[in-house]
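> Sharing a model prediction with you, sequence too.
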Amino acid sequence: MKRFRPADWMAICWLACALLASAAEPDLRRGDKMLEEYFRRETRRLADACLAEIKTLDDWNRRRGEYRRQLLEMLGLDPLPERTELKPVITGRVERDDFIVEKLHFQSRPGLYVTGNLYLPKKIEGRLPTILYVCGHGRVVKDGVSYGNKTHYQHHGAWFARNGYVCLIIDTLQLGEIEAIHHGTYGVRRTAKDKSGSGKGTETVFDQMWWWNSRGYTPAGVEAWNCVRALDYLETRPEVDVSRFGVTGRSGGGAYSWWIAAIDERIKAAVPVAGITDLENHVVDGCVEGHCDCMYMVNTYRWDYAQVAALVAPRPLLIANTDKDNIFPLDGVVRLHRKVRDIYRLHGKPEHLGLQISEGPHKDIQELQIAAFHWFNRFLKKEDPQIEMAAKKFFEPEELKVFSELPADQRNTTIHETFVPRAIVPPPGDASQWASQREAMMTALKEKVFRGWPSEPGPLDLKPAFSVARNGVQFSAYDFTSQDPFRLRLYIKHRAGLTDLDSVNLAVVDEKGWRDYVEVACGEGFAGELREELAQLGKEAPKPDPKLQKLLPLFWEPVAGAMALVAPRGIGLTAWNPAERKQTQIRRRFMLLGQTLDGMRVFDVCRAAETCRAIPGLKTTPLRLGGRREMSSVALGAAPFIPNVQKLDLEQLPRSYHEAPDLLNVLRYLDIPQAVALAAERAPVRIDSEPAGFEYSLAVGKTLGWDAQRLVFGVPERKKRP
């Protein structure tokens, strides 16, 4: 009897869809509501867990070291990179009446240049308290030449130097003299006005480098490392008192102030300005849409941001913000301060934590500047004078430029490709080596890649949606809860009257695959059962296709298996807003929760397999799993977590997670060839491509003595025929 394959059914779907019409907009309210509720619940779960285990100072002291290590890991800095030679170069000096500015650069890694301006008082007696000033997104470009955001924030450095401090202002990765990238998952490109008068101006460009998530990379890690090396450089300066380091900056610079203050205890006082709020603001209220990727760590350990701030305790910390900041809203800042205050109280240092709220928008206002100056005077100078001098700019950007010519060996513009090491997994030499590799990879998948899966998934709450026999086909559907509130639908077809199924072939489909399936099923005469699906597609029921209906008995008669199909969250009945910008920001929200959308779709597939086992009569029926296009790698990700998969059928499978849908951190531990080996050890795998690129998978098979059918490559002859 013929065994049924997912590809067989999809082939007839594509054939039939050519005969069916499509139109109208889908009804997305169901998916949007589920997603909104999901983000609210997940955010609340993380907020409630944040620092909840800290009841005493001993609790904090026991955990603080591991918290710091976790943060370093989430920044791509665990283990810390080698402190290579800084190679500092002073390229020039400019002066004013009472201070000097040295224009300099150093290399935080070979070829990773950091440009900066060092502000020094003209009269120096002894070693001075020193401020590291990190810049926000203040782009300064003239005639296509970037002068660095250090020139935008020069007034801060000038004030510190005029008031007895050393101050180093460093450029950021994206807005320095060498312009690199902070926007990997999305970005905005500004274009000139259309001369035709059409009114076109700004074009939104989505960079879509989702592999940053798979690599565990964030430019926040680069900014944090540049700050670490900036302190290393300052320690070499004879003017600097290394026991009196402070850090401040606003907006993006506020965020980088948090990173360096949390991971490096050389910072003795910190004033992050408008650089942090809580997950509720970012995820639920949508503030993520106003930020680039440099503002976030890769949230592997599922923190709320109060946990970052708490790592500064008990050192003096002033949280500064305005009350009308739309990207760092006041309510989230206050909630965060409240949690951090508890940690300072445990240390017996409540006076070391301050909250400065000034009236105004997201802007570098004078009140916030004065508050920062006052804080550093108090804790680094042990003074508390009246702040009478205003911060003002003294230079044109050209005067502060470091490079006359950009270095040819710079790696700033490509650092995202190498900053976080990619896993190198050599083929195992024997079964014992493979067992060690397999254990390490499975541990990484559970603890680093899919850590965001629910520890207690909850009941499936399986309910039949419909079941009908027509045209020689038994067609059924079941609704189940994958992860509350996502209710997904599993469809099953098999030959009518068949009671003993030899297999269930579970196909995981993307949006196109789901639409094809619905249209074909309608063409088979099941439009009445698919009313919800048609409403979602915004379509009227098509007339059954007589040609297709005649084919059905012939197609199903020799088949003893069932074809099951599931669309993971965000696809089909749970589809949400399809606009590209919305899709991008939805995916970014998942990362902030320590997940990825594709990682949670892998979980949905596991739950769909569990649902198949829960359907009466299918508990012990062999299960086969398949996917096409992006869903092939989703199905592959689920395979090691589904018991007793009989076979895996993957079409158009990418050769690397660099190309595939993103799974958090996965490239730090394994790639698709390793995932194929993990799956193939459990069940035969067919991949409809040439074996080039899968040498690791084949090497594992050779080491373990797999037979020729365990891992099969190539397109079957039936698919080669026109």
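Sure, I can see it.
> List the residues that contact the most centrally placed residue in the chain.
Computing the C-alpha centroid of the chain and ranking residues by Cα atoms, centre = their mean puts residue 591 first, at 3.6 Å. Contacts for residue 591 (Cβ atoms under 8 Å, 6 or more residues apart in numbering) come out as 185, 213, 296, 298-299, 664. In short, each C-beta sits where N, CA and C put it, glycine included.
> Could I get the phi/psi values of it?
phi -60, psi -40 (degrees, to the nearest 10).
> roughly how far apart are it and residue 599?
For residue 591, the distance to residue 599 (Cβ to Cβ, to the nearest Å) stands at 10 Å.
> so what sits against both of those two?
residue 664.
> longest single helix anywhere in this structure?
helix 29-49 (DSSP state H).
> Could you give the average pLDDT over the following helix or strand past it?
Counting by DSSP states H and E, the next helix or strand C-terminal to helix 29-49 is helix 57-74. The pLDDT scores in helix 57-74 average 98.
> thinking again about what came up before, so of the contacts of residue 591, which ones are in strands?
Secondary structure from DSSP state E places none of the contacts of residue 591 in strands.
> Find the pair from those residues with maximum spatial separation.
185 and 299 (13.7 Å; Cβ to Cβ).
> ok, which stretches of the stretch 151-300 of the chain are helices?
Per DSSP state H, counting those that start in this stretch, the stretch 151-300 of the chain carries helices over the ranges 154-162, 211-215, 219-235, 252-263, 279.
> whoops, I mixed them up, the stretch 551-700 of the chain
Using DSSP H, counting those that start in this stretch, helices in the stretch 551-700 of the chain cover 580-592, 597-614, 630-638, 672-682, 695-704.
> now the stretch 301-450 of the chain
306-310, 330-346, 366-380, 431-444.
> Reformat these as CSV; add distance to residue 579 and mean pLDDT.
Output for the helices of the stretch 301-450 of the chain, formatted as CSV (distance: least, Cβ to Cβ, whole Å; pLDDT from 0 to 100):
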stretch, distance to residue 579, mean pLDDT
helix 306-310, 32, 98
helix 330-346, 26, 98
helix 366-380, 36, 97
helix 431-444, 34, 98
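> Most tightly packed of those helices?
Highest mean neighbour count among the helices of the stretch 301-450 of the chain (mean count of other Cβ atoms under 10 Å): helix 306-310, with a mean of 24.
> which residues touch that helix?
Counting by Cβ under 8 Å, 6+ apart, residues outside helix 306-310 touching it are 50-51, 67, 71, 258-259, 262, 276, 278, 297, 317, 319, 335-336, 339-340, 343.
> Highest neighbour count among the contacts of residue 591?
Highest neighbour count within the contacts of residue 591: residue 213, with 30 neighbours (other Cβ atoms under 10 Å).
> list the contacts for it?
Contact partners of residue 213, counting by Cβ under 8 Å, 6+ apart, are 185, 298, 591, 596, 662-665.
> quick one: buried residues of stretch 611-629?
For stretch 611-629, the neighbour count (16 or more other Cβ atoms under 10 Å) marks 611-613, 615, 618, 621-629 as buried.
> ditto for stretch 701-713
Buried-residue list, stretch 701-713, by 16+ other Cβ under 10 Å: 701, 703-704, 706, 711-712.
> can you tell me which of the residues you listed lies nearest to residue 147?
Minimum distance to residue 147 across the buried residues of stretch 701-713 is 55.9 Å, recorded for residue 711 (Cβ to Cβ).
> Just give the closest residue to the closest one, not the sequence neighbours.
Take residue 711 and drop its neighbours on the chain: the residue closest to it by Cβ to Cβ, 6 or more residues apart in numbering is residue 680, 4.8 Å away.
> just to revisit the earlier point, in TSV, list the buried residues of stretch 611-629 along with distance to residue 482 and pLDDT.
Formatted as TSV, these follow (distance: Cβ to Cβ, whole Å; pLDDT from 0 to 100):
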residue	distance to residue 482	pLDDT
611	9	97
612	13	95
613	14	94
615	15	94
618	18	91
621	21	92
622	22	93
623	17	95
624	20	96
625	16	97
626	19	96
627	16	96
628	20	93
629	21	90
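> Among those, which lie within strands?
Short answer: those in strands (DSSP E) are 623-628.
> Closest one to residue 523 out of the residues you listed, please.
Using Cβ to Cβ, those come closest to residue 523 at residue 628, 20.1 Å.
> What about the closest residue to the closest one other than its chain neighbours, how many residues nearby?
Among residues not flanking residue 628 along the chain, residue 651 sits closest, at 4.2 Å (Cβ to Cβ, 6+ apart). Residue 651 sits with 21 neighbouring residues when counted by other Cβ under 10 Å.
> From residue 237, how far out is residue 651?
Counting by Cβ to Cβ - residue 651 and residue 237 are separated by 60 Å.
> nearest spatial neighbour of residue 427, skipping sequence neighbours?
residue 699 (3.5 Å).
> Residue 443 versus the one you found, what's the distance?
21 Å.
> And for residue 111?
Residue 111 is 34 Å from residue 443, by Cβ to Cβ.
> just residue 404 next, same as before
51 Å.
> OK, contacts around the residue nearest to residue 371 when sequence neighbours are not counted?
Leaving out its chain neighbours, the residue that sits closest to residue 371 by Cβ to Cβ, 6+ apart is residue 356, at 4.2 Å. Shown in contact with residue 356 (Cβ under 8 Å, 6+ apart): 318-321, 367-368, 371.
> And for residue 266?
Contacts of residue 266 (Cβ under 8 Å, 6+ apart): 231, 242, 245.
> again with residue 103
Residue 103 neighbours (Cβ under 8 Å, 6+ apart): 90-94, 117, 400-402.
> Buried only: go through the residues you listed for me.
Using 16+ other Cβ under 10 Å as the burial test, these include 117, 400-402 as buried.
> Can you tell me which of the residues you listed end up in strands?
residue 117.
> just to revisit the earlier point, can you pull the pLDDT of the residue nearest to residue 711?
97.
> That one contacts residue 713, correct?
No - look at residue 680 against residue 713 with Cβ atoms under 8 Å: they stay out of range, at 11.3 Å.
> The residue nearest to residue 544 when sequence neighbours are not counted and residue 465: what is the separation?
Leaving aside its chain neighbours, residue 544 sits nearest to residue 525 (4.3 Å; criterion: Cβ to Cβ, 6+ apart). Between residue 525 and residue 465 the distance is 17 Å, computed by Cβ to Cβ.
> Counting neighbours, go ahead and name the busier of the two.
Taking neighbours as other Cβ under 10 Å, residue 525 and residue 465 compare with residue 525 leading, 19 against 15.
> so who does the more buried one touch?
470-471, 544, 549.
> Quick check: the gap between it and residue 550.
Counting by Cβ to Cβ, the gap from residue 525 to residue 550 is 12 Å.
> and if you look at residue 519?
Residue 519 is 18 Å from residue 550, by Cβ to Cβ.
> Between these two, tell me which one has more neighbours.
residue 519 (25 against 10).
> Does the strand or helix carrying that one pack against any helices or strands, and if so which?
Per DSSP H and E: residue 519 is located in helix 511-521. Packing partners of helix 511-521 (3 or more Cβ pairs under 8 Å, 6 or more residues apart in numbering; DSSP states H and E): helix 6-17, strand 486-495, helix 531-537.
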